[in-house]
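> following is a predicted model, sequence given first.
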Amino acid sequence: MKMLKKYIYSCYLCLIVLIPASIHANEVEVLDIKATQATDKTWRFSVTLKHADEGWNHYANEWQIIAPDNKILGTRTLYHPHVNEQPFTRSLDGVKIPEELHSVRVIAKDTVHGLSSKAAEIELATGKVKQIRLKLKKSTD
């Protein structure tokens with residue numbers, strides 16, 4: 001009986017560890033960001049994403065540039081899956097960034113999970129990128 005209890009307890013511990021990891025397993029990851037300022041003071045962002053695209057029903061379909069106050073500064077729509085092209089990089093030109101901002105976040109979404117909690121932040125002056133985890137409020141619609 002003790003062996004059975006130990007086995008059940010071990011299985012329970014495995015579930016506690018594995019289930020939270022699996023919840024985020026298919027989210028889009030922002031792997032890298034390159035930002036360059038043009039002569040007209042707008043910015044070009046090249047963002048590298050990784051996602052387990054499965055086809056038209058489940059693929060990374062957008063990334064956004066977000067200010068610290070959560071205002072969306074730019075959006076790049078991705079119109080098709082990239083099943084055999086992982087990771088992949090896409091760019092967005094002409095993004096207006098207020099001069100007072102020193103950093104922005106990039107968050108991506110896919111057609112199944114919506115916005116990912118796996119995002120990245122870039123310091124505009126240095127180009128330094130750090131991975132961040134966001135706490136997103138899920139819609140209750």
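That came in fine, so what should we check first?
> the helices in the protein, which residues?
2-23 (DSSP state H).
> which of the helices and strands in it ranks last by mean pLDDT?
helix 2-23 (a mean of 45; mean pLDDT, DSSP states H and E).
> so where is this protein shaky, pLDDT-wise?
Counting by pLDDT under 70, the low-confidence segments of the chain come to 1-25, 136-141.
> ok, now with 50
For the chain, applying pLDDT under 50 flags the ranges 7, 9, 11-25, 140-141.
> now the strands for it?
Counting by DSSP state E, the chain has strands at residues 29-37, 43-50, 60-66, 72-77, 88-95, 103-110, 114-115, 118-123, 129-133.
> could I get the third one in CSV with only the CA atoms?
Read it as strand 60-66. The C-alpha atoms that make up strand 60-66 are tabulated as CSV, following Å, rounded to 0.1, in the frame of the first residue of the first chain:
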residue,chain,number,x,y,z
ALA,A,60,1.9,32.7,-35.7
ASN,A,61,-0.1,35.4,-37.3
GLU,A,62,1.0,38.7,-35.8
TRP,A,63,3.6,40.6,-33.7
GLN,A,64,3.2,44.0,-32.1
ILE,A,65,5.5,46.7,-30.8
ILE,A,66,4.3,47.9,-27.4
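> what pairs with it, parallel or antiparallel?
Its sheet considered, strand 60-66 pairs with strand 72-77 (antiparallel), strand 103-110 (antiparallel) by DSSP bridges.
> identify the residues contacting the last one?
Yep, that's strand 103-110 we're talking about. With CB atoms under 8 Å, 6 or more residues apart in numbering as the test, strand 103-110 has contacts from 26-30, 33, 35, 45, 47, 49, 51, 53, 58-68, 73, 97, 115-116, 119-124, 132, 134. Bear in mind the C-beta positions are built from the backbone N, C-alpha and C, glycine included.
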